[in-house]
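Chemist: give the three-dimensional model of this entry:
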Amino acid sequence: MSLKKDEKRDLNKELKEHFKIDFKELKRLFKDYRDGGDEIYDYGLWFSYEVEDKEGFFRWLLSWGGPSTEFRFFTNPDLTIRRIEYVFMDWYVRTDYELTGEEFKVLEEIYNELFKDSGEIKGLRL
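Modeler: Numbering: from 1, shown residues only. Sure, this is the predicted structure:
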C-alpha cells in the first residue's frame, strides 16, 4: 500500500478487515476438519515458539510480506491458553487485537486439536 505524504493509515481498520477474512476462513476450515477434511493443514505458513519482550508464545504465521498476519497463543505452564492475539504488521508498523468470546473459543479449539493435542508443540517450547 502506498500512501501520499498527508495520508494517515488506520491500522485498526486494516487489522479488523484482515481478521474478519481470516477468522471466517478458519471457522470454515475447522468445521471441514471436524468433518474429516484436511484443507486446514494448508492454511498458514509456520507454527513456532517465539519470545518477545521476555514473554514466550506460540506463533501461527498466516501470511508474510506486505502485510503479515499471525495468531499468538500465550500459554500457562500446562500449555492451556491464557491469551490469544491476532497481530497485523506492515512495513515497520504493528497493531494487535486480543481475542475474546466466540473468537477466543474457536481459536482455542483449533490450538488444542491441531497443535497441542496432536503433539505438534512438543519440542518447540524453550
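
Chemist: from the middle of its chain, how far away would the biggest helix by length in the chain be?
Modeler: Ranked by residue count under DSSP state H, the longest helix found in the chain is helix 11-34. Centroid separation for helix 11-34 versus its chain: 9 Å, with Cα atoms, centre = their mean, to the nearest Å.

Chemist: same question for stretch 66-79.
Modeler: With Cα atoms, centre = their mean, you get 6 Å for stretch 66-79.

Chemist: one more: stretch 22-39?
Modeler: 15 Å.

Chemist: where does the chain have low pLDDT?
Modeler: Along the chain, the parts satisfying pLDDT under 70 run over 1-8, 123-126.

Chemist: quick check, distance from stretch 50-68 to the centre of its chain.
Modeler: With Cα atoms, centre = their mean, you get 8 Å for stretch 50-68.

Chemist: start and end of that stretch, how far apart?
Modeler: This stretch, stretch 50-68, spans 16 Å end to end (Cα to Cα, to the nearest Å).
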